[in-house]
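# Coordinates for the following, if possible.
(chains A and B)
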Amino acid sequence: MHEPADTPRGSLKVYLGYAAGVGKTFQMLADGRAAAQRGVDVAVAYFQPHARPDTIEQAQSLEMVPHRRIEYRGKTFEEMDTDAVLLRRPSIALVDELAHTNIPGSLRTKRWEDVQVLLDAGIEVWTTMNVQHIESLNDQVWQITGIQVRETVPDGFIRQAAEIVAVDVTPDALLNRLKRGAVYKPEMVEKALSGFFKGSNLGALRELTLRQAAHEVDLRQSAYDETRGFQVPRISEARPAGETDNPSKERILIHMTADPSTAMLIRRGRRVADYLRADCTAVFVHQTPELSQLPAEERQAIEKHLRFARSLQIETRILPGSDVAKTVVEFARQNQITQIFVAHTQIGPLERLRRKNFSEDIVRLAQDLQVIVVADRSRTLGSSQAGN
Amino acid sequence: MRVSELPRPSPERLLKQVQAEENKRWGAKLKIFLGYAPGVGKSYRMLDEARRRHERGEDVVVGAVQGRQSEDVQALLQKLEMIPPLQTPDGQAVDLDAILRRTPRVCVIDPLAAQNPPGSRHSNRWQDVQELLRNGISVLSSVNLLHVEEYKEKVQAITGKNTTETIPKSFLLAADDIVIVDVPPDLCLWRQGEKLTSTGISNSQERQLSELRELALLLTAEVVDAQLETYVHAHGIEPVFGTHERFLVCMTPHSNALAMIESGERNKERFQGELYAVYVCERGRSKRERVTIRRYFDAAKKAGASTEVLESDDPISAIVEFAREKRITQIFIGHSDRNSWRDRVFGDPVLRLIRAAEGIDVRVFPH
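Model (predicted):
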């Protein structure tokens, strides 16, 4: 983007973990050190200053690009100095905490945007993040932990990584580290143990991380095979005999409304599209193509959903029509859609009389198509998590 | 209410329970480091943990180590107490008696999948490990995917490498802890002595390794899922949604069940998930309908689904109840090609299922 076309983009490697303290940073620095010993020009571009002693030891033999100090509300914060890294131009830059949000007053809002600048300049970047920071997994993490993670990285950014490395540790070992005070300050430990780190959360997040890493490995294999132009028999997929690589291209349609559940629907649709390697479109139905007639609150909600869908590389359309369900289903038929994703909000029988339930109407009308009614699990969370 | 012998604990869970009960008295634990190929750094990770435990004051000894060792590994070994293996004309064996006499808290046995020379107490090393655990000694060990019996053929098909030394997968599933040691294929090859390439998959060797890597990640996820289930059962808490995709096909005589089963099979493979298929038995089915259902059952079994017959006067509730018990994430149901009296009285069953399946996705199929 910012560089002439002849500068090859730097490649990206992501160390993926399931919680703070699993050892992502340690692993990244250890690998960086090994690379430096092989003679590669490695520099640490950002590194959490209050790290564990073991981790600091790993960093010490590596060259550090000094951080930028930013004053904000009377305090001094340290951020990555992206310009200084560009000037130093190492072959590999190590950047801790990809999902971090920069302090107000920084040039860019998110650290991943700074990393993008380095990549565009042709610098290889190794970085760390946790599974809960992947945008499309946000809802699943919420279901598992009951905690809404706000700092997320768009899937499109992670997808460009040449390599995803899973950093694994058993929950027992992680809890020991936590109790020894190796992850958080002592006053934080109790809070962490009853929140994010409690009960079955860690196991579930760990499983999610391993499956995500396997999925990312699989995607990269397909990409490699496509560039080679040959079809390798996929052992892990074990297709039925006779099925070709692309039997009938799946096309996914997401029906957006102003309801907050639309964000979850968009993430889910994107995720399934990734797995099925399917096209993905999101539509909103409104009387006119202009949103200006909508009440301000509804319009803002819709615009937010549209932006969100586009940020996940989903094509968006506003369809004119007065009958919402009919418009969606007709669009689906005309565009060879194979699956329609709709959100189902649980409402009582009385409310059903007053309010249109688009998802049920779509199911009734689209009897010739697959309709996936996605459950809004966040609303049932309260009851299922209580008493853990 | 259910016809078949539900709920049936898996053999793995039973084995795990038995072993856990045996070892519990002593608090002995087995921790296995899994790698997808030689050179990922399993031994290093394992011995580094042994070193850290030793430095924290745990009584750690080394009972067996790999023949070929990197400098890093040798440096770690120098910090640890070694109980030398027995030397026989046919090879080495863990000196069980010496370790049992010494009774450390933790013993390193590496690699896990080794055959003992003839005349040893056990024919396989993993049986030695069981004996140590039974005697209250925790074990740290490591294994390569190639040496897991159920994966041997797959790995051989990818790499051409073969082995006679394997451990059963159930042994992995019964371990207290499993850790995957994951490194990118380029680094793995470099440690095996190859030239370092650029990050990502850039040649056919790395492509092969990445296939193994995917299998190892999924195997670990499976073990973690089994542990999670045990944990959930043991603590009597509500199951956690959404970590592992589980599909449930509802077979009815007037829906397109074969298409649903086929799609279920594809989804199961794509998402590396699980597939279930149920039929809710209602009174008054015709003979022709029973024949159709039997055909669906055969197809479901062929697709690798666990099948079940539910008996209930209220099919929707029976399906939802089954789905909750099995932690189903998505129910497949088809539109019926005819309306029964029941549908006219109670409303479209598909819509009723959608309303009842709170928290579970419903995929509706055309007929």
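# State the phi and psi torsions of A:Ala43.
When read as degrees, to the nearest 10, the backbone of A:Ala43 gives phi -140, psi 150.
# How many residues are close by it?
Burial measure for A:Ala43: 20 neighbouring residues, criterion other CB atoms under 10 Å in any protein chain shown. In short, each C-beta sits where N, CA and C put it, glycine included.
# Check the gap between the residue lying closest to it once chain neighbours are set aside and B:Cys250 for me.
Leaving aside its sequence neighbours, A:Ala43 sits nearest to A:Pro90 (CB to CB, 6 or more residues apart in numbering or on different chains; 3.8 Å). Note on A:Pro90: its distance to B:Cys250, by CB to CB, to the nearest Å, is 57 Å.
# Can you tell me which helices and strands the helix or strand A:Ile164 falls within packs against?
Element membership for A:Ile164 (DSSP states H and E) is strand A:163-166. If contacts are counted by 3 or more CB pairs under 8 Å, 6 or more residues apart in numbering or on different chains; DSSP states H and E, strand A:163-166 sits against strand A:12-17, helix A:201-228.
# Mind putting the ones you listed into TSV with mean neighbour count?
Compiled in TSV, those are given as follows (neighbours: other CB atoms under 10 Å in any protein chain shown):
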stretch	mean neighbour count
strand A:12-17	25
helix A:201-228	22
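# which one of the ones you listed lies closest to chain B?
Comparing those against chain B with CB to the nearest CB, the closest turns out to be helix A:201-228 (3.9 Å).
# Past that closest one, which element shows up next along the chain?
Where DSSP H and E defines the elements, the next helix or strand beyond helix A:201-228 is strand A:251-256.
# How is the closest residue to chain A within chain B classified with respect to secondary structure?
Distances between chain B and chain A by CB to the nearest CB are smallest at B:Gly200, namely 3.1 Å. When classified by DSSP: H, G, I helix; E, B strand; the rest coil, B:Gly200 comes out as coil.
# these two touch, right, it and A:Val165?
No. Between B:Gly200 and A:Val165 there is no contact under CB atoms under 8 Å: 11.6 Å.
# State the distance from A:Glu360 to chain B.
Between A:Glu360 and chain B the computed distance is 6 Å (CB to the nearest CB, to the nearest Å).
# ok, and the closest non-adjacent residue to that residue?
The nearest residue in space to A:Glu360 (CB to CB, 6+ apart) is B:Leu351, at 5.5 Å.
# Report the contact partners of that neighbour.
A:360, A:363-364 (CB atoms under 8 Å, 6 or more residues apart in numbering or on different chains).
# Close to chain B: what parts of the stretch 1-150 of chain A are there?
A:11-13, A:31, A:38, A:124, A:139-140, A:143-144 (CB under 8 Å from any CB of the partner chain).
# Quick one: buried ones out of these?
A:11-13, A:31, A:124, A:139-140, A:143-144 (16 or more other CB atoms under 10 Å in any protein chain shown).
# Counting neighbours, what do you get for the residue lying closest to the residue of chain B closest to chain A once chain neighbours are set aside?
Among residues not flanking B:Gly200 along the chain, A:Ala162 sits closest, at 3.1 Å (CB to CB, 6+ apart). Counted with other CB under 10 Å, residues neighbouring A:Ala162 total 20.
# quick one on the thing from earlier: what two of the buried ones among the residues of the stretch 1-150 of chain A next to chain B are the furthest from one another?
A:Glu124 and A:Gln143 (35.3 Å; CB to CB).
# Which one's more surrounded, B:Gly200 and A:Val165?
Shown here are B:Gly200 and A:Val165; by other CB under 10 Å, A:Val165 has more neighbours (25 against 19).
# Kindly state the beta-bridge partners for that one.
With DSSP bridges as the criterion, A:Val165 is bridged to A:Tyr15.
# just for the chain, where's the confidence low?
Because you didn't say which chain, this covers chain A. Scanning chain A with the threshold set as pLDDT under 70 gives A:1-6, A:49-51, A:198-199, A:229-248, A:346-356, A:377-388.
# my bad, chain B
Judged by pLDDT under 70, the stretches of chain B that qualify are B:1-26, B:232-243, B:283-285, B:337-347.
# that older thread, doesn't the residue nearest to A:Ala43 fall inside a strand?
No. Judged by three-state DSSP, A:Pro90 forms no part of a strand; its state is coil.
# show me the residues around whichever residue of the stretch 51-200 of chain A sits closest to chain B that make contact.
Residue nearest to chain B within the stretch 51-200 of chain A: A:Ala162 (3.1 Å; CB to the nearest CB). Shown in contact with A:Ala162 (CB under 8 Å, 6+ apart): A:11-13, A:220, B:198-200.
# what two of the residues you listed have the greatest distance between them?
Of all pairs in the contacts of A:Ala162, the most separated under CB to CB is A:Arg220 and B:Ser198 at 13.0 Å.
# Got phi/psi on B:Asn267?
Phi and psi for B:Asn267, reported as degrees, to the nearest 10, are phi -60, psi -40.
# hang on, I meant A:Ala45
Torsion angles at A:Ala45 (phi, psi; degrees, to the nearest 10) stand at phi -90, psi -30.
# Pull the number of nearby residues for it.
Residue neighbour count, defined by other CB under 10 Å, stands at 27 for A:Ala45.
# dump the residue contacts of B:Arg213.
Counting by CB under 8 Å, 6+ apart, B:Arg213 makes contact with A:217, B:36-37, B:182, B:185.
# Report all helices and strands that the strand or helix carrying B:Arg53 contacts.
Element membership of B:Arg53, judged by DSSP H and E, is helix B:42-55. With contacts taken as 3+ CB pairs under 8 Å, 6+ apart, helix B:42-55 sits against strand B:30-35, strand B:60-64, helix B:71-77, strand B:106-109, strand B:138-144.
# can I get these in TSV with mean neighbour count and distance to chain A?
Formatted as TSV, these follow (neighbours: other CB atoms under 10 Å in any protein chain shown; distance: least, CB to the nearest CB, whole Å):
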stretch	mean neighbour count	distance to chain A
strand B:30-35	25	7
strand B:60-64	24	15
helix B:71-77	15	10
strand B:106-109	24	13
strand B:138-144	25	12
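# Relative to chain B, how far out is the closest residue to A:Asp376 other than its chain neighbours?
Distances taken as CB to CB, 6+ apart put A:Ser261 closest to A:Asp376, at 4.6 Å, once the chain neighbours are dropped. A:Ser261 is 13 Å from chain B, where distance means CB to the nearest CB.
# gap between A:Ser261 and A:Gln370?
From A:Ser261 to A:Gln370 the distance is 20 Å (CB to CB).
# can you check B:Asp186 too?
Plainly put, B:Asp186 is 41 Å away from A:Gln370 if you go by CB to CB.
# Likewise for B:Gln87?
Distance from B:Gln87 to A:Gln370, by CB to CB: 65 Å.
# quick one: which of these two has more around it?
The neighbour count for B:Gln87 versus A:Gln370, taken as other CB under 10 Å, is higher for A:Gln370 (22 against 11).
# Spit out the contact partners of that one.
A:Gln370 makes contact with A:338-340, B:263, B:363-366 under the criterion CB under 8 Å, 6+ apart.
# Go again with 6 Å.
A:339, B:365 (CB atoms under 6 Å, 6 or more residues apart in numbering or on different chains).
# Please, where are all the strands along chain A?
Along chain A, counting by DSSP state E, strands occupy A:12-17, A:42-46, A:63-64, A:68-72, A:75-79, A:92-95, A:124-130, A:163-166, A:251-256, A:279-286, A:315-320, A:339-344, A:370-375.
# mind listing what the fifth one pairs with, with the direction of each?
Each strand pairing with strand A:75-79, determined using DSSP bridges, is listed with its direction: strand A:68-72 (antiparallel).
# Make sure B:Glu274 is actually in contact with B:Arg246.
Yes. The pair B:Glu274 and B:Arg246 qualifies as a contact (CB atoms under 6 Å) at a distance of 4.7 Å.
# before we move on, the earlier item: what's the spacing between the helix holding B:Arg53 and its chain's center?
The chain centroid and the centroid of helix B:42-55 are separated by 25 Å, computed with CA atoms, centre = their mean, to the nearest Å.
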